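> any chance you could fold what I've pasted below:
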Amino acid sequence: MARTDDARQERLDSPKGMRTRVLPTRRRGRGDTFGRATEGIARAMGTPWFLVGLTLFCAVWMGYNTLAPKPWQFDSAAIGFTALTLVLSLQASYAAPLILLAQNRQDDRDRVQFEQDRQRAERNLADTEYLAREVVALRLAMREMASKDFIRAEIRSLLEELDRRDAEEAFDDETGSARTRG
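Alright, predicted model coming up:
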């Protein structure tokens with residue numbers, strides 16, 4: 001009889017990586033379902049509607065077990081509604097861990113949010129410092145740039161120098177032609 005891969009995986013004497021798990025594995029993406037459910041339950045328990053519903057449940061329970069005929073009653077008022085006490089204790093014993101699980105998940109989310117806020121603040125600080133350095137560099141560059149008044153003064157001095165040269169050349173041309181005539 002030939003052994004298949006499936007048969008070998010089911011054997012307990014095969015290496016751990018070669019066998020299947022006894023409990024089914026969680027599917028990816030659905031591993032958070034229980035956590036979301038606990039948060040939903042904890043969130044619902046914190047609402048006024050839950051308190052109103054629980055109060056109505058207790059009132060109906062106690063009213064039925066007090067006013068119903070004796071053979072139909074399932075919890076006796078004479079012994080202090082023992083079954084109701086047990087039901088409420090069971091509800092409380094499940095509520096406390098569910099609320100703690102929800103708080104732990106909220107703490108984890110807060111921790112992640114805090115880390116993201118810290119990283120964002122560091123990036124903002126680095127960006128601000130970079131922009132401050134750039135503004136300082138631009139201010140220094142602006143001080144070295146020529147202003148309009150400086151450029152106008154330079155152009156005026158160049159025009160005056162050109163006018164002076166033209167006047168000198170014109171004077172030289174006139175004096176040179178007067179010499180050759182004389």
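> give me the phi and psi for Met145.
Reported as degrees, to the nearest 10, the phi and psi values for Met145 are phi -80, psi 150.
> repeat for Ala146
phi -80, psi 140.
> ok, Asp75 next?
When read as degrees, to the nearest 10, the backbone of Asp75 gives phi -140, psi 120.
> so which helix or strand takes in the most centrally placed residue in the chain?
By C-alpha atoms, centre = their mean, the chain has its centre lying nearest to Gln113, at 5.2 Å. Taking DSSP states H and E as the criterion, the element that holds Gln113 is helix 82-144.
> what's that helix packed up against?
Packing contacts for helix 82-144, counted by 3 or more C-beta pairs under 8 Å, 6 or more residues apart in numbering; DSSP states H and E, involve helix 33-45, helix 48-67. Quick note: C-beta positions are derived from backbone N, CA and C, even for glycine.
> buried residues in the longest one?
Right, the one you point to is helix 48-67. For helix 48-67, the neighbour count (16 or more other C-beta atoms under 10 Å) marks Trp61, Asn65 as buried.
> can you tell me how far the spatially closest residue to Gln106 that is not a sequence neighbour is from Ala137?
Distances taken as C-beta to C-beta, 6 or more residues apart in numbering place Glu39 nearest to Gln106, at 7.8 Å, with adjacent residues excluded. For Glu39, the distance to Ala137 (C-beta to C-beta, to the nearest Å) stands at 51 Å.
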